[in-house]
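*Asks:* sequence? don't have it. structure:
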């Protein structure tokens with residue numbers, strides 16, 4: 001662990017203990033310092049809470065009021081060429097494909113293709129370096145790149161998506177591009193038991209985090225990372241009606257899952 005982050009975490013723990021608010025309404029916020037971090041092999045993501053291995057997939061399923069959704073997350077390659085101060089960092093590229101089926105009948109439409117870039121520092125913090133995305137807007141029947149950003153471009157800043165040493169009550173910036181990407185995270189607990197309904201499997205000693213964005217009031221996600229399960233096992237989306245997104249394995253279920261987005265034009269700019 002580098003000295004800058006280690007000293008900050010020690011100070012954060014002391015402050016929380018002294019005030020008696022570990023995990024309470026008040027929380028310390030980690031001061032993100034990318035230039036104070038060191039990166040020996042940033043493309044190797046082996047943080048115990050969310051490891052990624054090139055070629056290995058994680059598949060998730062959710063049933064919503066609009067139908068069924070399936071996500072497949074796969075580490076595919078490495079990427080470098082970021083703009084200063086992020087130049088010289090080789091990140092891991094992780095593809096995230098999302099399909100939807102209105103009738104939950106096994107016939108799916110590809111709704112979004114995203115590539116996220118992550119880099120792990122020597123303190124095992126997983127930095128979020130940006131994303132490129134293309135999504136199908138079924139209301140306008142067009143494709144949009146809304147939400148895409150890259151650290152170092154247009155004043156965008158990398159953030160931390162998963163801490164190497166989580167501390168209960170500690171909040172942290174996950175990404176920042178004004179009016180486009182302003183996500184935050186907070187450690188809620190470190191010893192949560194997760195029960196997956198579909199796989200009928202239980203995991204213990206899981207990390208539970210809260211994620212939210214300042215750009216969309218009331219949109220909150222709770223994420224559960226389980227070392228014994230190999231990473232992210234469950235997401236609870238809390239925006240109106242609660243939705244459970246569960247890990248279901250390392251391969252797509254039976255059904256039709258197209259690899260290309262609908263053949264439509266780009267969405268009109270605002």
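*Replies:* Arrived safely. Computed from a predicted structure; not experimentally measured.
*Asks:* give me phi/psi at residue 122?
*Replies:* phi -70, psi -10 (degrees, to the nearest 10).
*Asks:* ignore the last one, residue 259
*Replies:* phi -100, psi -10.
*Asks:* residue contacts, it?
*Replies:* 97, 110 (CB atoms under 8 Å, 6 or more residues apart in numbering). From N, CA and C alone the C-beta is placed, and that goes for glycine too.
*Asks:* how near is it to residue 161?
*Replies:* In this view, residue 259 and residue 161 are 26 Å apart by CB to CB, to the nearest Å.
*Asks:* and residue 76, by the same measure?
*Replies:* 17 Å.
*Asks:* what's the answer for residue 122, then?
*Replies:* 17 Å.
*Asks:* again with residue 197
*Replies:* In terms of CB to CB, residue 197 sits 26 Å off from residue 161.
*Asks:* quick check: closest non-adjacent residue to the residue positioned nearest the centre of the chain.
*Replies:* With distances taken as CA atoms, centre = their mean, the residue of the chain nearest its centroid is residue 161 (6.0 Å). The shortest distance from residue 161 to any non-neighbouring residue, by CB to CB, 6 or more residues apart in numbering, is to residue 128 (4.4 Å).
*Asks:* confirm that the one you found sits in a strand.
*Replies:* Yes. Per DSSP: H, G, I helix; E, B strand; the rest coil, residue 128 lies within a strand segment.
*Asks:* what's the spacing between stretch 196-216 and its chain's center?
*Replies:* 11 Å (CA atoms, centre = their mean, to the nearest Å).
*Asks:* mind listing what's buried in stretch 248-262?
*Replies:* 248, 252, 257, 261 (16 or more other CB atoms under 10 Å).
*Asks:* now do stretch 151-171
*Replies:* Neighbour count says stretch 151-171 has 151-152, 156-164, 166-171 buried, by 16+ other CB under 10 Å.
*Asks:* can you tell me which of the residues you listed end up in helices?
*Replies:* Of the buried residues of stretch 151-171, none are assigned to helices by DSSP state H.
*Asks:* for residue 75, which non-adjacent residue is closest in space?
*Replies:* residue 52 (4.1 Å).
*Asks:* who touches residue 62 in this structure?
*Replies:* So residue 62 contacts 68, 69, 71, 237, 243, 244, 245, 246 (CB under 8 Å, 6+ apart).
*Asks:* just checking, the third one touches residue 246?
*Replies:* In this case it means residue 71. No. With contact defined as CB atoms under 8 Å, residue 71 and residue 246 do not form a contacting pair (10.5 Å).
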